[in-house]
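Peer 1: curious how this folds, go ahead:
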Amino acid sequence: MSEQLERGKRKRAQVMGQEYVDRAFSGDPEAFGADYQRFLTEYAWGAAWGRGNLTDRERHMVTLGILAALGRERELEGHVRATRNTGVSARDLSDVLHQVAIYAGVPAGLSGFTIAKRVLEEQE
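Peer 2: Have a look, this model is predicted:
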């Protein structure tokens with residue numbers, strides 16, 4: 001396993017939770033899609049999230065904004081769940097979604113708020 005993949009697995013577990021990473025890597029390592037999980041973990045989590053400079057909290061707020069702006073609802077839901085691991089508060093999330101509404105459109109912001117509200121209520 002490459003150093004970057006190892007770093008990616010650690011970072012992904014730190015942000016999304018170890019159970020999430022374990023599920024992503026369960027099963028046959030030669031099965032269709034397994035190489036995509038390795039690629040995603042090595043580059044998104046090892047290279048991008050592992051860059052340094054930005055804190056995980058800051059990087060997570062950027063990620064949340066991008067996912068909401070692009071309408072990536074499934075991924076946004078998972079990342080809202082993971083905010084408790086990176087110190088992104090409900091107020092931080094609200095501020096991010098306000099920015100989304102201004103720069104990406106009110107429907108994108110509203111969809112983000114709907115998802116965030118549901119996830120935050122489930123976590124209470």
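Peer 1: where do the helices sit along this protein?
Peer 2: 3-16, 18-24, 34-40, 56-70, 73-81, 83-86, 90-104, 106-123 (DSSP state H).
Peer 1: between these, which gets nearest to residue 47?
Peer 2: helix 3-16 (6.2 Å; Cβ to Cβ). Where you see a C-beta, it was placed from the backbone N, CA and C, and this is true even at glycine.
Peer 1: between that closest one and helix 73-81, how many degrees?
Peer 2: 70 degrees (axes from the mean of the first three to the mean of the last three Cα atoms, to 10 degrees).
Peer 1: before we move on, the earlier item: mind putting the helices of the chain into TSV with mean neighbour count?
Peer 2: What follows is the helices of the chain, written out as TSV (neighbours: other Cβ atoms under 10 Å):
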stretch	mean neighbour count
helix 3-16	18
helix 18-24	14
helix 34-40	14
helix 56-70	20
helix 73-81	18
helix 83-86	18
helix 90-104	17
helix 106-123	16
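Peer 1: output the ones you listed as CSV; include the columns distance to residue 49 and mean pLDDT.
Peer 2: Compiled in CSV, these are given as follows (distance: least, Cβ to Cβ, whole Å; pLDDT from 0 to 100):
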stretch, distance to residue 49, mean pLDDT
helix 3-16, 5, 96
helix 18-24, 13, 94
helix 34-40, 11, 94
helix 56-70, 6, 98
helix 73-81, 12, 97
helix 83-86, 10, 96
helix 90-104, 17, 98
helix 106-123, 20, 97
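Peer 1: quick one: which of those helices is nearest residue 50?
Peer 2: Here helix 3-16 is closest among the helices of the chain (Cβ to Cβ), at 4.8 Å.
Peer 1: and the residue nearest to the spatial centre of the chain, what does it touch?
Peer 2: When Cα atoms, centre = their mean is applied to the chain, the residue found nearest the centroid is residue 79 (3.8 Å). Applying Cβ atoms under 8 Å, 6 or more residues apart in numbering to residue 79 gives the contacts 60, 63, 64, 67.
Peer 1: in a markdown table: those residues, plus distance to residue 74.
Peer 2: Below are the contacts of residue 79 laid out as a markdown table (distance: Cβ to Cβ, whole Å):
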| residue | distance to residue 74 |
| --- | --- |
| 60 | 17 |
| 63 | 14 |
| 64 | 14 |
| 67 | 9 |
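Peer 1: if anything else comes up later, I'll come back, but that's it for now.
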